[in-house]
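Trainee: One predicted model, sequence on top.
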Amino acid sequence: MVLPVRIHRRDLKKVPEGAEDAGAHPIIEHLKEASREREELYPLSGKEIDYKKTKQLTEPCTVVRLHGFRTPPVWMPGKDNRVIRKARELLLTLKMLFPPGLDEESLTDRLHETLTAVVEEVKSVPFESIRETCDVVLDQRELRERMEDGRLTHEGRSVVALVGEGTRPARRYTDVRRHHRIAGPKPEPHIPFEVPEGNGFEPLEIKLPHSKEKMRFMPIYEGELFAVAGANAQGKTTLVNAIEAGQDDHAPGDGREYCITVRSTARAEAGIRRMNGEDVSMFFKRLPPGYKGSPDNVIGLASGSIKMAYEIQKAVEEGKKMIFIDEDRAAVNLLVPGVLTKELEGIRTLVEVKDEILSRGVTIVAATGVLDDLTAAADRAVVMVEHRAEPLDLRSFRLELAEYYEERARKYREEAGSPLPERRHRVG
């Protein structure tokens, strides 16, 4: 049974304008928890019946609003679950599961018991928790709006993302919340984010517009290649995912409340895709064998690199503000140049076209591990060490990388029987 319910509560008139969905969030989460413990509320959790989807009714949700993402299978705030400020009411759309075989009278009695208990629980939630959620969500929305309007700048540059001191990006995935944007916080131990300083990193301090607290942020700028580098299992992907999830609104306790990103984003990954006239000419001078058409009109089943090239080019042409790339899910031959790929494929890699992309105001955030060329091409970079972000001195890194390549070149020349002449000048 699905039933819309409006519950009067006088103090709901104090919910700030624009936070009607946020005001409903702590009440919904309270009801979810109560429905697992209070017998009259069992129909909300489906606890009385063997129903495989009952988890979807009571799984906690720490996201207040998702932007451009398919609604997840969890009960969460939205147009059907919100505060109606002027009426001082809460609108809830309740899905209730009663045991089969109940006669009409029994069903009516059970429904009355459930709705009575819902009203009691709704009125028991302290307004302080409602107000806190509203303030936190409104902070995110106002800062995001400032970034989208170009009104938030730092060091003379427009900011497109903020990662706040104390952000806890790690996620706990479940059968219901399988995507990082909807997944809840990972239990302790959980290392909070520390804003890096030095080597191109200058913290940005902001007084939060609604919570009124001062916070330090790591800003990410419009039109830069920002690399999150590091070894395996150090938190690179976790941090990049958190920055991407910053386009959503998060409730207190999520851990990403002050990881805030503009909403105009795209993610580019390798994979399989049927191409029906798509354009990849930014990266491909010619098409590999087996494709019909031309680089600006591809026909056929795309390889990983062609699919990824299409996603990046499409994002640029659509005017997306940010593109997210994870080395582990990418077509490596599209990211950095190689001798064979250059000769056989004729690909212009991301390293080679990045200036063209960045000049259009697009920001690229990339998780990098072994692709040193991509890290070296960054405008700024952090390196993850034991899940902590440390600023990477790119000048020193580039010099070290150049010396490494020179040593490798010497080795290959010697193995090929043509020794490399002694260098006249050492790097640096």
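Mentor: Good, I have the coordinates.
Trainee: only C-alpha atoms for contact and neighbour calcs from this point on.
Mentor: Will do.
Trainee: Could you identify the helix or strand that succeeds the helix or strand hosting His112?
Mentor: When elements are defined using DSSP states H and E, His112 is found to belong to helix 104-124. Later in the chain than helix 104-124, the nearest helix or strand by DSSP H and E is helix 127-148.
Trainee: Which elements pack onto the helix holding His112?
Mentor: With contacts defined as 3 or more CA pairs under 8 Å, 6 or more residues apart in numbering; DSSP states H and E, the packing partners of helix 104-124 are helix 20-34.
Trainee: ok, and what's touching the helix or strand following the helix it packs on?
Mentor: Tracing the chain C-terminally past helix 20-34 and defining elements by DSSP H and E, one meets helix 42-45 next. Where contact means CA atoms under 8 Å, 6 or more residues apart in numbering, the residues beyond helix 42-45 that reach it are 32, 35-36, 48, 54-55, 57-58, 94-98, 114.
Trainee: now stretch 97-111
Mentor: Contacts made with stretch 97-111 from outside it, assessed by CA under 8 Å, 6+ apart, are listed as Met1, Glu40, Pro43, Leu44, Ser45, Gly46, Glu48, Ile49.
Trainee: Dump it to CSV, keeping only the CA atoms.
Mentor: The C-alpha trace of stretch 97-111 is given here as CSV (Å, rounded to 0.1, in the frame of the first residue of the first chain):
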residue,chain,number,x,y,z
LEU,A,97,3.7,-3.9,3.5
PHE,A,98,1.1,-5.8,5.5
PRO,A,99,1.0,-9.6,5.9
PRO,A,100,-1.2,-11.4,3.4
GLY,A,101,-4.6,-12.7,4.5
LEU,A,102,-5.7,-9.8,6.6
ASP,A,103,-9.5,-9.1,6.4
GLU,A,104,-10.7,-5.6,5.8
GLU,A,105,-11.3,-4.8,9.5
SER,A,106,-7.9,-6.1,10.5
LEU,A,107,-6.2,-4.2,7.8
THR,A,108,-8.0,-1.0,8.8
ASP,A,109,-7.0,-1.4,12.4
ARG,A,110,-3.4,-2.1,11.4
LEU,A,111,-3.3,0.9,9.1
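Trainee: Can you point out the buried residues in it?
Mentor: By neighbour count, with 16 or more other CA atoms under 10 Å as the criterion, the buried positions of stretch 97-111 are Leu97, Phe98, Arg110, Leu111.
Trainee: Same question for stretch 287-302.
Mentor: Taking 16+ other CA under 10 Å as the basis for neighbour counts, the residues of stretch 287-302 that come out buried are Leu287, Ser294, Pro295, Asp296, Val298, Ile299, Ala302.
Trainee: if we look at it, which residues are touching it?
Mentor: Taking contacts as CA under 8 Å, 6+ apart, the residues outside stretch 287-302 that touch it are 271-281, 284-286, 345.
Trainee: what's the first-to-last distance across stretch 243-251?
Mentor: The straight-line separation of the ends of stretch 243-251 (CA to CA, to the nearest Å) is 16 Å.
Trainee: ok so, going back, what about the contacts of helix 42-45, which are in helices?
Mentor: When these are checked against helices using DSSP state H, the ones located there are Lys32, Lys55, Leu57, Thr58, Thr114.
Trainee: Which one (most neighbours) among those?
Mentor: Neighbour counts for the ones in helices among the contacts of helix 42-45 (other CA atoms under 10 Å) peak at Thr58, which has 23 neighbours.
Trainee: And the ones in helices among the contacts of helix 42-45, which two are furthest apart?
Mentor: Using CA to CA, the two most remote members of the ones in helices among the contacts of helix 42-45 are Lys55 and Thr114, lying 18.8 Å apart.
Trainee: quick one on the thing from earlier: now, among the buried residues of stretch 97-111, which is nearest to Pro209?
Mentor: Leu97 (42.1 Å).
Trainee: That closest one and Ser35: what is the separation?
Mentor: Remark: distance between Leu97 and Ser35 (CA to CA) = 12 Å.
Trainee: and if you look at Asp279?
Mentor: Distance check for Asp279 against Ser35: by CA to CA, it reads 52 Å.
Trainee: The two - which one has more neighbours?
Mentor: When Asp279 is set against Ser35 and neighbours are counted by other CA under 10 Å, the residue ahead is Ser35, at 24 against 21.
Trainee: what sits against the more buried one?
Mentor: Ser35 sits in contact with Leu41, Tyr42, Pro43, Leu44, Ser45, Thr58, where contact means CA under 8 Å, 6+ apart.
Trainee: Same check on Phe226?
Mentor: Per CA under 8 Å, 6+ apart, neighbours of Phe226: Ile220, Thr363, Ile364, Val365, Ala366, Ala378, Asp379, Arg380, Ala381.
Trainee: SS state for the first one?
Mentor: The one in question is Ile220. Following DSSP: H, G, I helix; E, B strand; the rest coil, we place Ile220 in the strand state.
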